[in-house]
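Novice: give me a 3D structure for the following:
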Amino acid sequence: MRTRGMGPDVPAPDRPWDEIVPGLWMGGHEFRRPAGRLEFAVVRDEFDLVQTLLRLPGHGPDRGVEHHVWPIPDGPLDGTQLAGVMRLAQAAGEALDGGRKVLVRCYHGYNRSGLVVAHTLVRRGSGVEEAIRLIRARRSPWALHNDLFVAYLRAGLATVRQLEELAE
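Specialist: I've put the predicted structure just below:
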């Protein structure tokens, strides 16, 4: 299965983050300016809640911004990692219900953040395929190019988590 690609075939995004649905943003730690130059995406106080799946020093957010950090690989996840993804999606949904602005980020803002955002959307009533299409349309066609994460979403994260825990 294909997971995160770091080669030239996976371009950096054109923007630091994109709004997927009102209040729910997806982004990364670097992006490419129109002149082609890579630039760091540093979060200050633009969001009320930032969820970070890959933490890099110096990328924010500012003090006072709620920050959840749950580092996961862009590859197979164990039951504990899947449980964390599910908790992040629940927290994102609760923040949205409270009128808060949420950013979910990883390296480029394609796969790990896509998994959390898609699960958030599914928890809020979207179908899996609809969530995937929306994320790809709003963030990038490269979003959720990790076939394993798409398979997790299609099977349901709770089901995948139970199977992972049985295998452990």
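
Novice: which stretches of this structure have low pLDDT?
Specialist: 1-8 (pLDDT under 70).

Novice: longest helix of the chain?
Specialist: helix 79-97 (DSSP state H).

Novice: what number of residues lie near the closest residue in space to residue 106 that isn't next to it in sequence?
Specialist: Distances taken as Cβ to Cβ, 6 or more residues apart in numbering place residue 112 nearest to residue 106, at 3.7 Å, with adjacent residues excluded. Heads up, the C-betas are built off the backbone N, CA and C, glycines and all. Number of residues near residue 112 (other Cβ atoms under 10 Å) recorded here: 30.

Novice: tell me the contacts of residue 112?
Specialist: Listed by Cβ atoms under 8 Å, 6 or more residues apart in numbering, the contact partners of residue 112 are 53-54, 72, 74, 106, 149.

Novice: number of nearby residues for residue 130?
Specialist: 13.

Novice: OK, contacts around it?
Specialist: Here residue 130 is in contact with residue 121 (criterion: Cβ under 8 Å, 6+ apart).

Novice: likewise the one 4 residues further on?
Specialist: Each residue near residue 134 by Cβ under 8 Å, 6+ apart is listed here: 20-21, 121, 126.

Novice: is it possible to get a markdown table of those residues that adds secondary structure, neighbour count and distance to residue 27?
Specialist: Shown next, in a markdown table, are the contacts of residue 134 (DSSP: H, G, I helix; E, B strand; the rest coil; neighbours: other Cβ atoms under 10 Å; distance: Cβ to Cβ, whole Å):
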| residue | secondary structure | neighbour count | distance to residue 27 |
| --- | --- | --- | --- |
| 20 | strand | 24 | 10 |
| 21 | strand | 16 | 14 |
| 121 | helix | 24 | 16 |
| 126 | coil | 16 | 20 |
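
Novice: list the buried residues of stretch 118-137.
Specialist: Neighbour counts over stretch 118-137 (16 or more other Cβ atoms under 10 Å) mark 118-122, 126, 128, 131-132, 134-136 as buried.

Novice: strands of the chain, residue ranges please.
Specialist: In the chain, the segments counted as strands under DSSP state E are 17-21, 24-27, 30-32, 38-40, 49-52, 66-69, 102-105.

Novice: just these: most buried one?
Specialist: Highest mean neighbour count of the strands of the chain: strand 102-105, a mean of 28 (counted as mean count of other Cβ atoms under 10 Å).

Novice: just the residues contacting that strand, thanks.
Specialist: 17, 23-29, 41, 43, 46-54, 88, 92, 95-96, 113, 116-117, 120.

Novice: likewise stretch 136-150?
Specialist: With contact meaning Cβ under 8 Å, 6+ apart, stretch 136-150 is reached by 1-5, 10-11, 13-14, 18-20, 26, 74-76, 108-112, 114-115, 118, 132, 135, 153.
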